[in-house]
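K.L.:
sequence plus predicted model, see below.
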Amino acid sequence: MPVSMARGTNLVALAEHDRWIRVIDANSGSEKFRTQAPGKGWLEAVALSADGRILAACSGTDESTISLWDVAGGQPMLTLPGEGGPCWLTAFSPDGNTLVTWHELGMLDIWRTPSWEKIAAAEAKEKAENKQP
């Protein structure tokens, strides 16, 4: 069972082979987040950002995609396309600005993650352009 702990928190992410992912508080045992990852096959790796706000999970099947979730809101954020076959490992950099995945064929995918402020600004701009409340 893949496991990841957020460095600056008490949060632990657990991925089960039936594609269920849980984030629990290691001190209290309470569940903070639960979802079933899309797709097929088993999950091979999970990672929590150092602040515990973003969860990444990747598949151990031929999909090679990496799914990201907002832990607090419980919502999917995006799915990243992987390269090089099934994903076996994933991790955030200590500052949370980079996500790395390692694939079966020895290839690495490296993504730069935007700050929460940049995400909020982009969402506000999109709402303004679409004239949404």
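P.N.:
It's in. Note that the structure is a prediction, hence the values are computed from the model and not measured.
K.L.:
so how many other residues sit close to the residue nearest to Glu31 when sequence neighbours are not counted?
P.N.:
Nearest residue to Glu31 in three dimensions, chain neighbours excluded: Ile24, at 5.3 Å (CB to CB, 6 or more residues apart in numbering). Quick note: C-beta positions are derived from backbone N, CA and C, even for glycine. Neighbour count of Ile24, defined by other CB atoms under 10 Å: 17.
K.L.:
so Ile24 touches Ser30, yeah?
P.N.:
Yes - counting by CB atoms under 8 Å, Ile24 touches Ser30, with 6.7 Å between them.
K.L.:
shared neighbours of the two, anything?
P.N.:
Common contacts of Ile24 and Ser30, defined by CB atoms under 8 Å, 6 or more residues apart in numbering, are absent altogether.
K.L.:
show me where the chain has helices.
P.N.:
116-130 (DSSP state H).
K.L.:
centre-most residue in it?
P.N.:
Residue closest to the mean C-alpha point of the chain, counted by CA atoms, centre = their mean, is Ala56 at 1.5 Å.
K.L.:
tell me the bridge partners for the residue nearest to Glu31.
P.N.:
For Ile24, the beta-bridge partners are Val12, Glu31 (DSSP bridges).
K.L.:
and Met1, what pLDDT?
P.N.:
pLDDT, Met1: 64.
K.L.:
where do the strands of this structure begin and end?
P.N.:
3-5, 11-15, 20-25, 31-36, 43-48, 54-59, 65-70, 75-81, 87-92, 98-103, 108-112 (DSSP state E).
K.L.:
columns distance to Lys127 on top of the ones you listed, output as a markdown table?
P.N.:
Converted to a markdown table, the strands of the chain look like this (distance: least, CB to CB, whole Å):
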| stretch | distance to Lys127 |
| --- | --- |
| strand 3-5 | 32 |
| strand 11-15 | 30 |
| strand 20-25 | 28 |
| strand 31-36 | 25 |
| strand 43-48 | 28 |
| strand 54-59 | 21 |
| strand 65-70 | 17 |
| strand 75-81 | 16 |
| strand 87-92 | 28 |
| strand 98-103 | 26 |
| strand 108-112 | 24 |
